[in-house]
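Colleague: 3D, please:
(one chain, ligands or ions: 1)
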Amino acid sequence: MAFSSSSYPQELTFPEGFGWGAATAAYQVEGGWDADGKGPNVWDTFTHQGGDRVFRNQTADVACGSYTLWEEDLKCIKQLGLTHYRFSLSWSRLLPDGTTGFINQKGNCFLKIEGIDYYNKMIDDLLANGVIPIITLYHFDLPQHLEDQGGWKSGAIVEVFDAYAQFCFGTFGDRVKLWLTINEPNTLALLGYEVGIFAPGISNSGTGAYQTAHNMIKAHAKAWHSYDSLFRKKQNGQVSIALFSPWIAPANPTSVADQEAAKRVMALSLDLFAKPIFIDGDYPAVLKSHVAAMSKKQGYPSSRLPEFTEEEKRMIKGSADFFAVQYYTARLAKHQENAEGELDILKDIDVKLFIDPSWQVSQQGSWVRVVPWGIRKVLEYIKDTYNNPVIYITENGFPQGDPAPLDDTQRWEYFRQTLQELYKAIHIDKVNLQIYCVWSLLDNFEWSDGFSSRFGLYHIDFENPCRPRVPYKSAMEYAKVIRNNGIKGPL
Ligand code: NOJ
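Modeller: Residues are numbered from 1 along each chain as shown. Prediction:
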């Protein structure tokens, strides 16, 4: 089926039961960084150290104040009419040193609201209002104590993460049925351990991303197996991992070299995680050969990309119940050996990345260029590469600068175009997309950009101690989409 402009449907109705959500993450919204027994995490440390690694040395000590203002968040969720709300648990709020040796619950100290009850209330309130919680166990905020033991660079984290996951499944899994183990391990491995612009700020160029990705994949798989063997029968939920995926197109579409280069970037950004988990327990062959060859050239005794044992491969293969993807933008790839100015891991695959100058800027200076058609490409890629899985888009959004106009008509236009692309993906490409979550419910702490980059459906005044939540126009438009289960014309 092809839509010409005259035959394009005037109303885009999504499949019955389609999930409409919004997402947040603990460190970005909660605040209460040391409240009621919470232990420090790597972002607390990173921001408190200053050093201009975050916009204006801002911290998320208070952020949106969601730790005390949950009821306000719930009002927004109800006003939108969300069917799903995705949020993350602060690992060190539940387990202050990251281990199950010390649980932050009643009786441990003089707590007002202990970590467990905070999340219990959120879950219960959501369910009481007919909203399905999607919980991310870990969204970039590793307990500092664990980082001090080597963090994701150490293989020991696999067991510790599994124990934390089991603790969460056991504590909340009677009510929570949709779980994500790790948020964007690909972003975290690259920015946290290879480039060092995210906490913990480690720049082990050439090795950091591969080494930590390796442990994250194992940790995810182990936690999935724990769910599968210990909880699934009773709880009947689903567990996956949330993967960031840009769309990568060849710089010159007719150049075979550029086409191959684009494929290698998809392999590095998405398939490095998705192929082991969804296909066969092992990394893409093209990456294994490229990294091995480059490592040899550089005089390393073995490839910088670690290898899974056969037993690990068996554990990793098939360790996800749905495909969770997060899309924001696209890039162009050009084949280029030893590209100047590129990251070491892009040099590994002989690629230079570009931005098409015709792609609109969402927020001046942001890495997000507006490429709504890229989301359809990514969905089609996942369908074709990963055997037509059930797909949940667990994040998608557009940033605005600060100050951001409440009348964000232009931004809603980007969302509207995105929804059209999703409609085409479902109806034309037959992609099995079931949930779409906007990033984010609220303006929040955008990592190294601090509060300067606003992704929220609701505006927050970070100068106001009450942190009022005020809907952008996009929030009201999204509410209409949710009410209509799609877009009612005219398009
Ligand atoms: C993905 C991350 O999961 C989220 O934390 C971040 O705020 C958004 N991308 C926007 O950059």
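Colleague: now the closest residue in space to I132 that isn't next to it in sequence: how far from the ligand?
Modeller: Setting aside the residues directly before and after it, I132 is nearest to H84 in space (CB to CB, 6 or more residues apart in numbering), at 4.8 Å. Any C-beta I mention is one placed from the backbone N, CA and C, and that applies to glycine too. To the ligand, H84 is 16 Å away according to CB to the nearest ligand atom, to the nearest Å.
Colleague: check contacts around H84.
Modeller: Residues in contact with H84, defined by CB atoms under 8 Å, 6 or more residues apart in numbering, are G19, W20, G21, V131, I132, P133, I134, L178, I435, C437.
Colleague: now the helices for the stretch 101-250 of the chain?
Modeller: 115-128, 144-148, 157-172, 185-193, 208-226, 232-235 (DSSP state H, counting those that start in this stretch).
Colleague: out of those, the one nearest D356 is which?
Modeller: Of all the helices of the stretch 101-250 of the chain, it is helix 185-193 that lies closest to D356, at 21.8 Å by CB to CB.
Colleague: now that closest one and helix 208-226, what's the angle there?
Modeller: Orientation of helix 185-193 against helix 208-226 (axes from the mean of the first three to the mean of the last three CA atoms, to 10 degrees) gives an angle of 140 degrees.
Colleague: bridged to the residue nearest to I132, which residues?
Modeller: G21, I132 (DSSP bridges).
Colleague: who in the stretch 1-150 of the chain is up against the ligand?
Modeller: A25, Q28 (CB under 6 Å from any ligand atom).
Colleague: contacts only, for whichever residue of the stretch 1-150 of the chain sits closest to the ligand.
Modeller: Per CB to the nearest ligand atom, A25 is where the stretch 1-150 of the chain lies closest to the ligand, at 5.0 Å. The contact partners of A25, taken as CB under 8 Å, 6+ apart, are F87, S88, T136, H139, F140, D141, N183, N444.
Colleague: let me have those residues in CSV, extended by pLDDT, neighbour count and distance to S269.
Modeller: Formatted as CSV, those follow (pLDDT from 0 to 100; neighbours: other CB atoms under 10 Å; distance: CB to CB, whole Å):
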residue, pLDDT, neighbour count, distance to S269
F87, 99, 26, 25
S88, 99, 25, 22
T136, 99, 25, 19
H139, 99, 23, 19
F140, 99, 24, 17
D141, 98, 25, 22
N183, 99, 25, 15
N444, 98, 26, 24
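Colleague: let's see which of these end up in strands.
Modeller: Among the contacts of A25, the members found in strands (DSSP state E) are F87, S88, T136, N183.
Colleague: do I have it right that the first one meets G21?
Modeller: No - with contact defined as CB atoms under 8 Å, F87 and G21 do not form a contacting pair (10.2 Å).
Colleague: give me the number of residues near G365?
Modeller: 10 (other CB atoms under 10 Å).
Colleague: just the element for it, please.
Modeller: Under DSSP states H and E, no helix or strand contains G365.
Colleague: what separation do you get for it and A128?
Modeller: 42 Å (CB to CB, to the nearest Å).
Colleague: following element in sequence after the helix or strand bottoming out on mean pLDDT in the chain, please.
Modeller: Of all helical and strand segments in the chain, the minimum by mean pLDDT, DSSP states H and E falls on helix 344-348, at a mean of 93. Following helix 344-348 in sequence order, the next helix or strand is strand 351-354 (DSSP H and E).
Colleague: the very next helix or strand once past that next one: partners in the sheet, and parallel or antiparallel?
Modeller: The element immediately downstream of strand 351-354 (helix or strand, assigned by DSSP H and E) is strand 360-361. Within its sheet, strand 360-361 is paired with strand 369-370 (antiparallel), according to DSSP bridges.
Colleague: quick one: is the strand it pairs with near the ligand?
Modeller: No - interface with the ligand: strand 369-370 contributes nothing (CB under 6 Å from any ligand atom), its closest point being 13.1 Å away.
Colleague: do the same with stretch 269-278
Modeller: No - for stretch 269-278, no contact with the ligand is found by CB under 6 Å from any ligand atom; the gap never falls below 13.1 Å.
Colleague: what mean pLDDT does that stretch get?
Modeller: The pLDDT scores in stretch 269-278 average 98.
Colleague: please name the nearest non-neighbouring residue to N388.
Modeller: Nearest one to N388, counting by CB to CB, 6+ apart, is N432 at 5.9 Å.
Colleague: how many other residues sit next to that neighbour?
Modeller: For N432, using other CB under 10 Å, the count is 17.
Colleague: can we start the residue count at 57 from this point?
Modeller: All set: I'll call the first residue 57, so the last point we hit is now N488.
Colleague: what's near enough to touch it?
Modeller: So N488 contacts K439, N444, P445, V446, I447 (CB under 8 Å, 6+ apart).
Colleague: and the helix or strand that contains A380, C-alpha only, in PDB?
Modeller: A380 belongs to strand 379-383 when assigned by DSSP H and E. Taking C-alpha atoms only, strand 379-383 is exported to PDB below (Å, rounded to 0.1, in the frame of the first residue of the first chain):
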ATOM      1  CA  PHE A 379      12.600  -4.900  21.600                       C
ATOM      2  CA  ALA A 380      12.800  -1.500  23.400                       C
ATOM      3  CA  VAL A 381      14.300   1.300  21.200                       C
ATOM      4  CA  GLN A 382      14.900   5.000  21.700                       C
ATOM      5  CA  TYR A 383      15.200   7.200  18.700                       C
END
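Colleague: list the buried residues of it.
Modeller: F379, A380, V381, Q382, Y383 (16 or more other CB atoms under 10 Å).
Colleague: can you lay out these as TSV showing distance to T124 and pLDDT?
Modeller: Formatted as TSV, those follow (distance: CB to CB, whole Å; pLDDT from 0 to 100):
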residue	distance to T124	pLDDT
F379	35	99
A380	29	99
V381	33	99
Q382	28	98
Y383	32	99
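Colleague: which two among these are spaced furthest apart?
Modeller: F379 and Y383 (12.1 Å).
Colleague: write out the residues of the stretch 407-547 of the chain neighbouring the ligand.
Modeller: Counting by CB under 6 Å from any ligand atom, the stretch 407-547 of the chain sits next to the ligand at E451, W495, E502, F511.
Colleague: contact residues of the stretch 207-356 of the chain facing the ligand?
Modeller: Going by CB under 6 Å from any ligand atom, the residues of the stretch 207-356 of the chain near the ligand are N239, E240.
Colleague: looking at the helices of the stretch 157-306 of the chain, which is nearest to I297?
Modeller: Of all these, helix 264-282 sits nearest to I297, with 4.8 Å by CB to CB.
Colleague: tell me what the closest one is packed against?
Modeller: Packed against helix 264-282 by the contact rule (3 or more CB pairs under 8 Å, 6 or more residues apart in numbering; DSSP states H and E) you find helix 213-228, strand 234-239, helix 241-249, strand 294-300, helix 328-330, helix 366-372.
Colleague: what packs against the fourth one?
Modeller: Put plainly, it is strand 294-300. strand 234-239, helix 241-249, helix 264-282, helix 328-330, strand 379-383, strand 447-452.
Colleague: specify the beta-bridge partners of the residue of the stretch 257-406 of the chain found nearest the ligand.
Modeller: Residue nearest to the ligand within the stretch 257-406 of the chain: Q382 (5.7 Å; CB to the nearest ligand atom). Note on Q382: beta-bridge partners by DSSP bridges are F300, E451.
Colleague: pLDDT below threshold where in this protein?
Modeller: Within the chain, the ranges that satisfy pLDDT under 70 run 57-65, 162-169, 546-547.
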